[in-house]
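Asks: Fold the following and give me the result.
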Amino acid sequence: HAMMLSLAVASLLTAAPSVGSIAPDFTVKDIDGKELTLSKLVENGPVVLAFFPKAFTGGCTKQMQGLRDRFGEIQKHKGQVLAVSTDDVETLKKWRTELKAPQTFIADPDKKVTELFDVKMPVVGMASRHTFVIGPGRKVLEHMEGSDSIDPSKAVAACSLNSQKSGSAAPVAPTPPPKQ
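Replies: The predicted structure follows:
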């Protein structure tokens, strides 16, 4: 019960970026050593930034499997998924392989990104479960936390909203089939 209580207290104290606000920018390396900058990534499409407490645990596995299984839908809207935890690189590489997950994983053992988004659990210091969908100009389009972050449906929906807004104003008519 102490863990549940600390999670409840942590969520009350959180001042994470809210919907409509501008997400803080960051540059990090993913677990493969590729440099990523949020402000550059959002120029290409929405970024689903999914924080999770710990690799190889129940809720986190469900959260990442959900994002894995809906990855194609997110990509259709030019979206990218960045999964962040305070685990180390090796742990996340093993877990990504086990999950067969296409999303980009970011090891944040020094808690820089976790603290930047104000999603660190007090005392234990891990990231709490939060998912942000960040659009053009780093605007927060959607934010879920706790168990709401496990189901990726809202994140997928927010990605599709973004692509509707940034698409052309005129609806595109389907191309008629060629005449034989």
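Asks: what's the burial count for residue 33?
Replies: Counted with other Cβ atoms under 10 Å, residues neighbouring residue 33 total 7. Where C-beta positions appear, they are placed from N, C-alpha and C, glycine not excepted.
Asks: Please, which helix or strand holds it?
Replies: Assigned by DSSP states H and E, residue 33 belongs to neither a helix nor a strand.
Asks: That one and residue 104, how far apart?
Replies: For residue 33, the distance to residue 104 equals 12 Å [Cβ to Cβ, to the nearest Å].
Asks: now do residue 50
Replies: Taking Cβ to Cβ, one finds residue 50 at 10 Å from residue 104.
Asks: Which residue of those two possesses the greater neighbour count?
Replies: The neighbour comparison of residue 50 against residue 104 (other Cβ under 10 Å) goes to residue 50, with 28 against 18.
Asks: hang on, the earlier thing: any residues in contact with both of residue 50 and residue 104?
Replies: 81, 82, 83 (Cβ atoms under 8 Å, 6 or more residues apart in numbering).
Asks: just the helices in the protein please.
Replies: 2-13, 38-41, 58-69, 71-76, 89-99, 112-116, 153-166 (DSSP state H).
Asks: Report the mean per-residue pLDDT for the first one.
Replies: Yep, that's helix 2-13 we're talking about. Helix 2-13 shows a mean pLDDT of 43.
Asks: For residue 94, see how far away the residue nearest in space to the middle of the chain is.
Replies: The residue lying closest to the centre of the chain (Cα atoms, centre = their mean) is residue 49, at 2.1 Å. Going from residue 49 to residue 94 by Cβ to Cβ gives 22 Å.
Asks: rewinding a little: just give the nearest non-adjacent residue to the residue nearest to the centre of the chain, would you?
Replies: Leaving out its chain neighbours, the residue that sits closest to residue 49 by Cβ to Cβ, 6 or more residues apart in numbering is residue 132, at 4.5 Å.
Asks: do residue 93 as well
Replies: Per Cβ to Cβ, 6+ apart, closest to residue 93 is residue 31, 5.5 Å.
Asks: Show the contacting residues for that neighbour.
Replies: Residue 31 makes contact with 89, 92, 93, 96, 105, 106, 107, according to Cβ under 8 Å, 6+ apart.
Asks: What is the nearest of those residues to residue 17?
Replies: Using Cβ to Cβ, residue 106 comes nearest to residue 17 of these, at 16.9 Å.
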